[in-house]
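Student: This is a predicted model, with the sequence first.
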Amino acid sequence: MRIGFLFSRGEVPLTRDVSARFLPWLIAFMVYLAGLALLAAVAMDRMAARWQGDLEGRLTVQVPPPSDPGDETARQERLDRVVQVLLDTAAVSQVEVLSRAQTATLLEPWLGEAAAAPELPVPDLVAVTLRSATAALEDLPERLATAVPGAAIDDHQRWLARLFALAGSIEALALLVVALVGIAAIATVIFVTRTGLAIHRQVIELLHVMGARDLYVAEQFQAHALRLGLAGGIGGAVAAAVTVLGISWLLRGEQSVVLPGVAFGWAQWSMLAILPLVTGLVAMLTARWTVLRTLAKLP
């Protein structure tokens, strides 16, 4: 395939077509949606990895408060018994008792300012780090329940599995959007190319009479499609980048354990930057195939 066709003016006046005005806008809108969907899929994948990395090999022990929530002595004795049981467990490497302020901070997104109320019967939390993610806990739940009735272990697996399922669903939906946008873009280029062939049929027949081959005509259409695809792709990619940066700026300071912040690196931004080039190539190849296939059927 010759490269010179990209810069040649050509005998078919494609730049005068109405499609030359609207196709870049349609492609820009499609690239915008595809770029947002791709970045959303990447963000969910990295977020799931953060969840797994932060919680793997860790668990939380909930210690119910005494019958009198204001009895600090009884509360401390219950915590001491739980901590001792944990320290006597070979699989446990580190134990940290969360203060009331730390517990209130964790509950604040759900309870608001009421999470810090001293009369609220909030269980005490003990953060436990295991020596390995696959460490065997053996009879730890039974020993904790014996030391303090009602003490329970939360290994985060139940809600973490739900978060992973949600992240996987969002990733699949985002990739489906990318696929549908790609199909729509190809269909749009095919329609515009066939319209151009119909509009300029007389010019194309004249070129055939003068000895031009189908490949020569196809090169003019594919160069036109490539230029429009690149123009629309660049506009859509820039709009997607601005949107993502704007959302990140609006959500600054709103990070949490459930919704950790995700910062895109050069690899993610490079993927978005390559999207216009991919769009232009797809438009070019689609136009080439459409022209050659259509002209082959003409008498």
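Tutor: Structure's in. What do you need? The model shown is predicted, which means the values in this text are computed figures rather than measured ones.

Student: Quick check: next helix or strand after the longest helix along the chain?
Tutor: As assigned by DSSP state H, the longest helix anywhere in the chain is helix 157-199. Beyond helix 157-199 on the C-terminal side, the first helix or strand identified by DSSP states H and E is helix 201-209.

Student: on contacts alone, who are the packing partners of that next one?
Tutor: Taking 3 or more C-beta pairs under 8 Å, 6 or more residues apart in numbering; DSSP states H and E as contact, the helices and strands that helix 201-209 lies on are helix 214-250. For every residue, glycine as well, the C-beta is placed using N, CA and C.

Student: Compute the inter-axis angle for the longest helix of the chain and helix 201-209.
Tutor: 70 degrees (axes from the mean of the first three to the mean of the last three C-alpha atoms, to 10 degrees).

Student: Next, the angle from helix 157-199 to helix 214-250.
Tutor: 140 degrees.

Student: these two touch, right, P69 and P121?
Tutor: Yes: at 5.1 Å, P69 counts as touching P121 under the criterion of C-beta atoms under 8 Å.

Student: Comparing the two, which residue is more hemmed in?
Tutor: Set P69 next to P121 and count neighbours by other C-beta atoms under 10 Å: P69 wins out with 14 against 10.

Student: could you check the distance from that one over to R16?
Tutor: 81 Å (C-beta to C-beta, to the nearest Å).

Student: Send me the lowest-mean-pLDDT helix or strand in the chain as PDB with only the CA atoms.
Tutor: Lowest mean confidence among the helices and strands of the chain (mean pLDDT, DSSP states H and E): helix 100-111, at a mean of 75. Extracted C-alpha coordinates of helix 100-111, given in PDB (Å, rounded to 0.1, in the frame of the first residue of the first chain):
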ATOM      1  CA  ARG A 100     -13.000   4.900  69.600                       C
ATOM      2  CA  ALA A 101     -12.100   7.800  67.300                       C
ATOM      3  CA  GLN A 102     -10.800   5.500  64.600                       C
ATOM      4  CA  THR A 103     -13.900   3.300  64.800                       C
ATOM      5  CA  ALA A 104     -16.100   6.500  64.600                       C
ATOM      6  CA  THR A 105     -14.200   7.500  61.500                       C
ATOM      7  CA  LEU A 106     -14.900   4.200  59.900                       C
ATOM      8  CA  LEU A 107     -18.600   4.500  60.700                       C
ATOM      9  CA  GLU A 108     -19.000   8.100  59.800                       C
ATOM     10  CA  PRO A 109     -19.900   7.600  56.100                       C
ATOM     11  CA  TRP A 110     -22.900   5.500  57.300                       C
ATOM     12  CA  LEU A 111     -23.900   7.100  60.600                       C
END
